[in-house]
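>>> Okay, predicted coordinates and the sequence, questions at the end:
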Amino acid sequence: MGVGATEGVPVATLVEGLSVECYGLLCQKVVLRVLSDRLFFLVFRLCIYLFLWGWVAKKLVSLWLNRVAIRESSFLEWKLIKRSTHLSKVG
């Protein structure tokens, strides 16, 4: 059917024919579009959340390791001071 094939056909018949033929396809396209958009945003949000939680976890582990390192260094300093005072008393 060409462009001019619809001449003389009432508009209501064209709309009814269009809605009968394309309603299912249109609904399917709309549903797929909505689901794909929702899936995209769900994956996008998940990636952002994982990135943020990973960053926070990295910072917390870094802080914890720094505290442990400070504690160990202060313990080693205390041990060296104790040893030096012990050596000064003995020697």
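Received it, and whenever you're ready, just let me know what you need. The shown structure was predicted, so the numbers you read here are calculated from the model rather than taken from an experiment.

>>> Where does the prediction get shaky in this structure?
The model of the chain has pLDDT under 70 over residues 1-24, 85-91.

>>> Where do the helices of it begin and end?
Here the chain has its helices, by DSSP state H, at 11-90.

>>> Quick check: residue 62 vs residue 69, distance?
Note on residue 62: its distance to residue 69, by C-beta to C-beta, to the nearest Å, is 10 Å. No exception for glycine: its C-beta is placed from N, CA and C like everyone else's.

>>> Then residue 50?
Distance from residue 50 to residue 69, counting by C-beta to C-beta: 28 Å.

>>> do residue 26 as well
Taking C-beta to C-beta, one finds residue 26 at 64 Å from residue 69.

>>> Also residue 84?
Residue 84 is 22 Å from residue 69, by C-beta to C-beta.

>>> try residue 41
Residue 41 is 42 Å from residue 69, where distance means C-beta to C-beta.

>>> same thing with residue 40?
Residue 40 is 43 Å from residue 69, where distance means C-beta to C-beta.

>>> How about residue 31?
As defined by C-beta to C-beta, residue 31 lies at a distance of 56 Å from residue 69.
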